[in-house]
Each structure stands twice: as structure tokens, then as C-alpha cells.
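Trainee: need a structure here:
(one chain, ligands or ions: 1)
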Amino acid sequence: MQTFNTPYERAMSFVVSAMDRITLLDSEKDMLRQPQNIVQKEISFKKDDGSEQKLHAYRVQHNNARGPYKGGIRFHPAADLEEVKALATLMSIKTAVVGIPFGGGKGGVTVDPKKLSKGELERMSRAYITALKDAIGPQKDIPAPDVNTTAQIMAWMRDEYEKQTGTFAPGVITGKPLAYGGSVGRDGATAKGAFFVLKELLDIEALPLRDLKVAVQGFGNAGAEIAMLLHNAGATIVALSDSQGGIYSKEGLDPIRIKKYKDKTGAVHGEYCTGSVCDIEKLKMDQTETLTNEQLLECECDVLIPSALDNVITAENAKKIKAKIIVEIANGPVSPEADEILSKKGVIIIPDVLANAGGVTVSYFEWVQGLSGDQWTAEKVDHDLERIILKAFNDVRHEAKRKGLTLREASFNVALQRIVDAMRVRGWGNH
Ligand code: NAD
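Mentor: Residues are numbered from 1 along each chain as shown. Okay, the predicted model is just below:
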């Protein structure tokens with residue numbers, strides 16, 4: 001079995017196999033294999049002690065055939081060009097799967113933001129925009145939050161962009177606070193999108209949600225929200241975890257109480273919450289036992305929802321996974337090798353490019369509201385999100401059924417075909 005070592009190799013393996021399933025010209029394949037633009041800068045900002053810190057910053061613009069580049073900015077010590085390229089490519093696929101008029105891009109800074117004070121974090125965020133302001137713009141490339149970047153950081157970035165360009169630009173960035181051009185419903189959008197798709201799949205498979213045992217890895221924005229939505233809908237949440245480890249209860253955990261507890265006890269250092277779901281054990285609020293993040297993936301459950309890191313299900317542990325359905329809220333949690341093993345076992349995987357596309361869909365609503373000056377209600381956001389994500393799921397499901405593909409293969413087929421259709425009518429790559 002072929003192995004893929006970097007995030008870029010893993011993402012591209014899905015893209016390349018889809019390119020072989022649909023009919024493409026070599027010139028079109030070449031265009032899709034490489035990002036259209038890579039912007040690499042050294043950014044610098046003042047530390048609290050007066051010294052200057054220099055960091056590597058990236059913006060990768062993969063494809064804009066269907067609309068402006070769209071994708072988050074990640075602050076992480078492991079963020080590098082390879083990772084940002086992979087994520088930008090997956091954003092082109094994601095926006096095309098849900099059929100919103102964007103291409104794919106991604107940004108990153110190689111930094112551990114948790115080691116910065118709030119002032120340093122703000123100065124670094126503004127320095128990113130100073131370095132990249134010519135590459136982005138409301139009709140060009142629209143960033144958003146990603147790992148370790150928050151609504152507050154988006155506000156600093158929009159403010160800096162507007163100062164430097166002398167424009168009013170609510171459409172330059174999404175994931176902003178409500179007070180400064182954000183959209184209602186953005187916070188819970190990723191989980192809600194995944195919830196709508198999972199519910200539809202369960203209806204089709206005639207699996208009652210109330211009978212399901214669910215394990216969620218990662219109790220952050222998206223993981224906590226999906227756990228609460230499924231709990232409210234009657235599913236049994238048997239396992240939850242965060243970076244400190246996990247908890248398990250055969251009888252079921254109450255994610256709403258756990259979230260309240262975590263919010264109350266989690267010390268907030270600047271922008272980041274450091275409380276852990278594991279602390280709940282000390283209070284004996286539920287009949288729980290602890291388990292590691294690795295054990296959580298292999299626990300007795302029907303639905304497994306990785307909502308933390310990439311590449312957590314690999315050839316090493318794929319055979320031990322007991323879930324019948326995997327919902328990929330994290331980006332790239334299942335390696336290509338594991339994907340093959342699990343698909344052969346009959347595990348249904350709702351792939352990241354579909355399962356977590358609710359976030360970018362509501363980002364699109366935020367962008368539309370920014371450009372039009374309109375403000376949508378929560379009901380309109382939810383209604384339009386459900387309509388768009390279920391249409392995407394049904395397009396993917398029909399492609400999978402017609403061609404005997406997995407949902408991941410079908411998602412990449414549908415997305416690449418849409419991107420290539422746009423490239424062709426624009427006259428790209430055909431000479
Ligand atoms: P977050 O930072 O709010 O939460 C991440 C969670 O993962 C935290 O609970 C953290 O403790 C936990 N975690 C960190 N390291 C871990 C480890 N080694 N093992 C287990 N858990 C660990 O992030 P989020 O916004 O909820 O995003 C989670 C994932 O979903 C990421 O992969 C992100 O790229 C993806 N995603 C999020 C959105 C969104 O809108 N939030 C959209 C698309 C994709």
C-alpha cells in the first residue's frame with residue numbers, strides 16, 4: 001500500500017485519484033495540481049519587552065475559477081508551506097462541493113500564539129495584514145478563522161486592512177464578531193452542517209438517531225457543538241475528549257453540563273481556553289472513566305466524530321475502529337491508507353470537504369451580508385445552510401450511487417467537475 005507522509009501528499013492523493021476518474025486534459029490536471037499563487041513573507045512585530053520578533057507567514061491561493069479565493073488563517077508552530085498548500089487545495093474542493101461562489105485559499109503563520117500576550121497577538125495579526133494586504137480583498141481572497149485564530153483576531157485584521165487601504169471593507173474577512181460585521185449563526189455553523197448531513201444519512205440508512213452511541217474527539221468550537229446537538233436530538237454521547245485526554249460513559253455523558261463546567265473552570269489566557277473535559281471526572285458529575293485520545297477512536301460506538309486534529313486514523317488503528325459511520329469535522333483526520341481499509345470494511349465516512357463545509361457556507365452568508373449591508377436572522381441562516389448542505393450531500397450521494405464510489409470519492413468528483421467546468425467556460429488550460 002502506498003504511504004503519504006505530509007498533509008499535502010495526503011490531500012493531493014484524493015485530488016489525483018479524482019482527476020483520474022473524470023476526464024481532464026493534461027493542462028487542466030497541471031493547473032489543479034499546483035496553487036495559482038503562493039505568497040510567502042517574513043512578518044515582524046514588537047514583543048512586550050521591546051524586542052522584534054520575525055516569523056514566516058503564508059497565503060496560498062489554489063484556484064479561483066469559481067470565485068474569490070476563500071480559506072482560514074492558521075497560527076500554529078507546525079504551520080508550514082506544505083500544510084497551507086494542502087489546506088488551500090481542500091478549500092477549492094470544499095467550496096465547490098457546496099456550490100458556493102468561491103475558490104480555495106489558506107493562510108498560516110509559523111508561531112505558537114499561546115506563548116504571546118494579547119498585545120503581541122494583536123500586533124502579529126496586524127503585521128500579517130500589513131504584509132499580505134495586496135494579496136487579499138473582498139473580491140479577491142477572503143480569509144477567515146482557522147486553528148488558533150478567533151473572531152477577535154478577524155476584527156483586528158479587518159480593522160488593519162481598512163486602515164491601510166482607506167476603504168470600508170466588511171467583505172474582506174469572515175468569522176468576525178457580531179459587533180463588527182459578523183453573521184449570526186457562524187459560531188455553530190460547522191457543527192450544524194455536519195448535523196444536517198448526518199441526520200439525512202441516518203434517515204436514508206433507516207438508523208434511528210436515538211439508538212446511536214456517539215464518540216467525539218475534540219471538545220472545541222465544533223466538537224462541543226456537535227456533541228450538544230446530537231445529545232439534544234436524543235443520541236447517546238458515550239465519549240468526549242480534548243488535548244488533555246478523554247472521558248467515557250456507557251450510560252451517556254451530558255455535553256451541555258460538561259461545556260458549562262469547562263467554560264466556568266477553564267482559565268482563559270488571552271484568547272485561549274485551557275480547561276479540560278477531564279476535570280469533570282474530579283467532580284463525579286457523570287459515571288465516567290477516563291480514556292486516552294487513541295482509545296477514544298477505538299471505543300465501542302456507532303458514530304465517531306473526529307473534531308480535533310488531522311491524520312488521527314491511520315493504517316495503524318483503522319482495523320480497530322468499531323464505528324459504522326465517521327463524520328470528519330476535523331480536516332483530514334483519516335489518512336488515505338485508513339480510508340481504503342475502512343471503506344473496504346463498509347464504514348461510511350462523511351468526508352471533511354462535506355461534513356465541515358457548514359462553516360464556510362455561513363462565511364459565505366457573512367460575506368453576502370457584508371457586501372449588501374443586509375443582516376440576516378438566525379432562522380434564515382439555518383434555513384439556507386440546511387438547504388445548501390443537503391443539496392451538496394444529495395449531489396454527492398447520487399454521484400456515489402451512479403458510479404459505485406465512496407462519499408469521499410464522489411465529493412472530489414463533483415467538486416473537481418464544477419471547478420473544471422468553470423475553467424473551461426473561462427477558456428483556461430485548454431491550449
Ligand atoms: P478548537 O481549537 O476550538 O478545538 C479543538 C479541540 O481539539 C479542543 O478541544 C482541543 O483541546 C482538542 N485537541 C487539541 N489537540 C488534541 C489532541 N492531541 N487530541 C485530542 N484533542 C485535541 O477548534 P475547532 O474550531 O473546533 O476545530 C476543530 C477541527 O475542525 C480542526 O481540525 C479544524 O480545522 C476543523 N474545522 C473547524 C471549523 C470551524 O468552523 N470551527 C470549520 C472547518 C473545519
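Trainee: Does anything pack onto the lengthiest helix in the chain? Which helices or strands?
Mentor: Criterion DSSP state H: the longest helix present in the chain is helix 378-403. Here helix 378-403 touches helix 81-97, helix 189-204, helix 352-355, helix 358-372, helix 407-425, going by 3 or more Cβ pairs under 8 Å, 6 or more residues apart in numbering; DSSP states H and E. To be clear about C-beta, it is placed using only N, CA and C from the backbone, and glycine gets the same treatment.
Trainee: Point out the most buried one among these.
Mentor: Ranked by mean neighbour count, those are led by helix 352-355 with a mean of 30 (mean count of other Cβ atoms under 10 Å).
Trainee: Residues contacting it from elsewhere in the structure, which ones?
Mentor: 90, 93-94, 97-98, 193-194, 197-198, 327-333, 389, 392-393, 396, 407-408, 411-412, 415 (Cβ atoms under 8 Å, 6 or more residues apart in numbering).
Trainee: among those residues, which are in reach of the ligand?
Mentor: Residues of these in contact with the ligand (Cβ under 6 Å from any ligand atom): 329-331.
Trainee: show me the contacts for Gly218.
Mentor: 241-242, 306-309, 329-330.
Trainee: that older thread, lowest pLDDT pick from the ones next to the ligand among the contacts of helix 352-355?
Mentor: Here the lowest pLDDT out of those sits on Asn331, with 89.
Trainee: Break this protein down into its structural domains.
Mentor: Here the domain assignment for the chain is 8-16+33-171, 189-352, based on automatic domain parsing.
Trainee: Give me the mean pLDDT for the first one.
Mentor: To tie it back to what came earlier, the one meant is domain 8-16+33-171. 96.
Trainee: Just the terminal-to-terminal distance for it.
Mentor: End-to-end distance for domain 8-16+33-171: 29 Å, by Cα to Cα, to the nearest Å.
Trainee: list the contacts for Ser363?
Mentor: 70, 142, 144, 174-175, 183, 186, 189 are the contacts of Ser363 under Cβ under 8 Å, 6+ apart.
Trainee: residues near the residue nearest to Glu52 when sequence neighbours are not counted, how many?
Mentor: Spatial nearest neighbour of Glu52, excluding adjacent residues (Cβ to Cβ, 6 or more residues apart in numbering): Ser44 at 5.3 Å. Number of residues near Ser44 (other Cβ atoms under 10 Å) recorded here: 15.
Trainee: would Ser44 count as being in a strand?
Mentor: Yes: counting by DSSP: H, G, I helix; E, B strand; the rest coil, Ser44 is part of a strand.
Trainee: what about it, distance to the ligand?
Mentor: 26 Å (Cβ to the nearest ligand atom, to the nearest Å).
Trainee: Tell me the bridge partners for that residue.
Mentor: Beta-bridge pairing of Ser44 under DSSP bridges involves Lys54.
Trainee: Which residues are in contact with it?
Mentor: 52-55, 127.
Trainee: Based on its surroundings, how many neighbours for the residue of the stretch 201-350 of the chain found nearest the ligand?
Mentor: When scored by Cβ to the nearest ligand atom, the stretch 201-350 of the chain has Gly220 as its residue closest to the ligand, at 1.6 Å. Gly220 has 15 neighbours, counted by other Cβ under 10 Å.
Trainee: Would you confirm that it contacts Ala308?
Mentor: Yes: between Gly220 and Ala308 there is a contact at 7.2 Å, judged by Cβ atoms under 8 Å.
Trainee: hey, what's in contact with both of the two?
Mentor: In contact with both Gly220 and Ala308: Asp242, using Cβ under 8 Å, 6+ apart.
Trainee: what does the stretch 101-250 of the chain put close to the ligand?
Mentor: Contacts of the stretch 101-250 of the chain with the ligand, taken as Cβ under 6 Å from any ligand atom, map to 146-147, 190, 217-223, 241-243.
Trainee: Narrow these to just the buried residues.
Mentor: Buried members of these, counted by 16 or more other Cβ atoms under 10 Å: 146-147, 190, 217-219, 221-223, 241-242.
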